[in-house]
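> here is a sequence with its predicted model. Questions after.
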Amino acid sequence: MTRVERHASFGGWQEVWQHRSDILHCEMKFAVYLPPQAANQPVPVLYWLSGLTCSEQNLITKAGFQRYAAELGVMVVAIDTSPRGEDVADDSAWDLGQGAGFYLNATQQPWAAHFLMYDYLTKEIPALIASHFPTNARQSIAGHSMGGHGALMVALKNPGLFQSVSAFAPIVAPSQVPWGQKAFTTYLGSDTTQWQQWDSLWLAENGHPLPPTLIDQGLADPFYPQQLTTELLENCCKEKSLPVTFRYHPDYDHSYYFISSFIEEHLRFHAAALTVS
Ligand SMILES: N[C@@H](CCC(=O)N[C@@H](CSC=O)C(=O)NCC(=O)O)C(=O)O
């Protein structure tokens, strides 16, 4: 692994690392914010998954989370949204291919050779973080839009892995909306039974649990409600008594202006779950 960026930030360090991924078979970058506490002791980790068209850079340059992560002693790891490189399959559309990995394991060619973001997120990245950075055993996950889908889906598929989950404007039912249907058909094929294991709404409806979860949705978001069918998951969570708080915010859109307005509350929500003894 090679460190390619290092910036002092609120007494800690915002870093970006590059490595050869054994699972994705390409060079990848991820960002790590090390709070000041990490200099003296192991700290908990919050994983962040970004949305369509994003990389590891969007959160670290636009959300303004470092002030709160420093105060609360939380390491924040932001991974990229897909495998990358000239040898990796791509598409000219902005919502497919590189920048649009959907955090799943593709089964269809040519995607299956590299688009294994679920395995990368749940196996390779935690092992890299644990071996190179001072973490304790506690971890949570958050994300935005396609990354909100990823955070919810990965938590639902892995009960007990995360202390808490949060999402900004998540895609909650990818099998039922245009972004998800396009990606799932391309990466997983047209047999929709193969989509279910990657669909948060289906997982919640079929008995998968969630830890304490916070979901924020802007009411001036141009993708709500066509792509972001928040109420479908809200109704399911009520029916299943899942511990999920849904908040709807007039005037807020889909951008990082929305995320930066509420990121402090998400960091405090996760820190409370991560530091309970
Ligand atoms: N086509 C536009 C818009 C793409 C966009 O809005 N991307 C969102 C995530 S959408 C769901 O996953 C985003 O986070 N963009 C990055 C940002 O910094 O705002 C485009 O190509 O930009």
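Nice, thanks for sending it over.

> just give me the residue right at the centre of the protein.
What sits nearest the mean C-alpha location of the chain, by Cα atoms, centre = their mean, is residue 49, with 2.3 Å.

> identify the bridge partners of it.
In this entry, residue 49 is beta-bridged to residue 143, by DSSP bridges.

> ok, it touching residue 77?
No: using Cβ atoms under 8 Å, residue 49 makes no contact with residue 77, being 10.0 Å away. C-beta: built from backbone N, CA, C; applies to glycine.

> mutual contacts of the two, please.
Counting by Cβ atoms under 8 Å, 6 or more residues apart in numbering, residue 49 and residue 77 have no common neighbour.

> which SSE is immediately downstream of the helix or strand harbouring residue 233?
Applying DSSP states H and E as the criterion places residue 233 in helix 230-240. Next along the chain after helix 230-240, taking DSSP H and E as the criterion, comes strand 244-249.

> tell me the angle the helix or strand that that next one is followed by makes with strand 244-249.
Under the assignment DSSP H and E, the closest C-terminal helix or strand after strand 244-249 is helix 256-274. Here the directions of helix 256-274 and strand 244-249 differ by 150 degrees (axes from the mean of the first three to the mean of the last three Cα atoms, to 10 degrees).

> ok, residues contacting helix 256-274?
Residues from elsewhere that reach helix 256-274, judged by Cβ under 8 Å, 6+ apart: 44, 46, 58-59, 62-65, 67-69, 72-74, 138-140, 142, 144, 163-164, 166, 168-169, 211-212, 214, 216, 218, 221, 249, 252.

> double-check residue 87 against residue 24; I have them as touching.
No: between residue 87 and residue 24 there is no contact under Cβ under 8 Å: 11.0 Å.

> so between these two, which is more surrounded?
Neighbours per residue, other Cβ atoms under 10 Å: of residue 87 and residue 24, the larger number sits with residue 24, 23 against 10.

> near the closest residue to that one other than its chain neighbours, how many other residues are there?
Counting by Cβ to Cβ, 6 or more residues apart in numbering, the nearest residue to residue 24 once its immediate chain neighbours are dropped is residue 83, at 4.2 Å. Residue 83: 27 surrounding residues under other Cβ under 10 Å.

> which residues does the closest residue to the ligand within the stretch 101-250 of the chain contact?
Nearest residue of the stretch 101-250 of the chain to the ligand, counting by Cβ to the nearest ligand atom: residue 145, 2.8 Å away. Contacts for residue 145 (Cβ under 8 Å, 6+ apart) come out as 51-52, 168-171, 223, 228, 254.

> any chance of JSON lines for these, columns secondary structure?
Below are the contacts of residue 145 laid out as JSON lines (DSSP: H, G, I helix; E, B strand; the rest coil):
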{"residue": "51", "secondary structure": "coil"}
{"residue": "52", "secondary structure": "coil"}
{"residue": "168", "secondary structure": "strand"}
{"residue": "169", "secondary structure": "coil"}
{"residue": "170", "secondary structure": "coil"}
{"residue": "171", "secondary structure": "coil"}
{"residue": "223", "secondary structure": "coil"}
{"residue": "228", "secondary structure": "coil"}
{"residue": "254", "secondary structure": "coil"}
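
> quick check: residues of the stretch 1-150 of the chain near the ligand?
Within the stretch 1-150 of the chain, the positions near the ligand by Cβ under 6 Å from any ligand atom are 51-54, 58, 62, 94, 144-146.

> in helices only, show me those.
58, 62, 146 (DSSP state H).

> just the buried subset of these, written out for ChimeraX, thanks.
A single ChimeraX command selects the buried members of these (16 or more other Cβ atoms under 10 Å):
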select :58,62,146
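
> now, which of the ones in helices among the residues of the stretch 1-150 of the chain next to the ligand sits nearest residue 28?
Within those, proximity to residue 28 (Cβ to Cβ) peaks at residue 58, which comes in at 15.5 Å.

> contact partners for that closest one?
50-51, 78, 256.

> would JSON lines of those residues with neighbour count be doable?
Formatted as JSON lines, those follow (neighbours: other Cβ atoms under 10 Å):
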{"residue": "50", "neighbour count": "28"}
{"residue": "51", "neighbour count": "27"}
{"residue": "78", "neighbour count": "28"}
{"residue": "256", "neighbour count": "20"}
